[in-house]
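# pasting the structure only:
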């Protein structure tokens, strides 16, 4: 349901997710041995720490579109489902590519190294202007988009002035969802 998730509910949800992940890790340790358990928990801690930058980007997107807190959960819910699918595809494709072309690991490693060096020596702070985001500009050019939110809907049917029938419009909530999915794809590359 659409409601503002407070700190207490957020902490309980986080504790539940972390608890489920910990139980799964303990099961892995018990079933597959200590090395598998250590590998899982190492990956879990690294992924948890890397996900903190996602939080800031998502907050910036919500702020840009002025998404009220009561609708943010809806966007995040569908965003997480989309991320699971997209990451599964990326992992499958990446694994297949590396299996077939092992030398790609060096290309990916060089890409990460160059990105890190570029960030290290960057002198200016980069404050992205979401209004100039190429994907957002593409979506606004190719979709009918409302200027205002329509409760928690991603799409609405509206009748434009002078029209005889209703047309389908995307809402800013849908645009926020697409940008969050894109941000996760960019972060998944690392």
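Nice, I can see it. Please read all numbers here as calculations on a predicted model, not as lab measurements.
# CA atoms for contacts and neighbours, from now on please.
Fine.
# helices or strands next to the helix or strand of the chain with the lowest mean pLDDT in the packing?
Within the chain, confidence by mean pLDDT, DSSP states H and E is lowest for helix 104-120 among all helices and strands, at a mean of 84. Using 3 or more Cα pairs under 8 Å, 6 or more residues apart in numbering; DSSP states H and E as the contact criterion, the neighbours of helix 104-120 among helices and strands are helix 69-100.
# mind checking how far residue 186 is from residue 87?
Plainly put, residue 186 is 11 Å away from residue 87 if you go by Cα to Cα, to the nearest Å.
# between the two, who's got more neighbours?
Under the criterion of other Cα atoms under 10 Å, the comparison of residue 186 against residue 87 puts residue 87 first, with 15 against 10.
# now do the buried residues in the helix or strand containing residue 46.
For residue 46, the enclosing helix or strand under DSSP states H and E is helix 34-50. Applying a neighbour-count criterion of 16 or more other Cα atoms under 10 Å, the buried positions in helix 34-50 are 36, 37, 40, 41, 44.
# now do stretch 14-28
Of the residues in stretch 14-28, those buried by neighbour count under the rule 16+ other Cα under 10 Å are 25, 26, 28.
# state the phi and psi torsions of the second one.
This points to residue 26. Its backbone dihedrals place residue 26 at phi -70, psi -40, with angles given as degrees, to the nearest 10.
# is it in contact with residue 35, as I believe?
No: the criterion here is Cα atoms under 8 Å, and residue 26 misses it with residue 35 at 11.7 Å.
# roughly how far does the residue nearest to residue 61 when sequence neighbours are not counted sit from residue 33?
For residue 61, the nearest residue in space outside its immediate sequence neighbours is residue 176; the separation is 6.3 Å by Cα to Cα, 6 or more residues apart in numbering. For residue 176, the distance to residue 33 (Cα to Cα) stands at 42 Å.
# just to revisit the earlier point, read off the pLDDT value for the residue nearest to residue 61.
At residue 176 the predicted local confidence, pLDDT, stands at 94.
# OK, contacts around it?
Contacts were defined as Cα atoms under 8 Å, 6 or more residues apart in numbering; by that measure residue 176 touches 61, 62, 65, 75.
# ok, these vs residue 20, which is closest?
Distances from residue 20 to these, taken as Cα to Cα, are shortest for residue 75 (22.6 Å).
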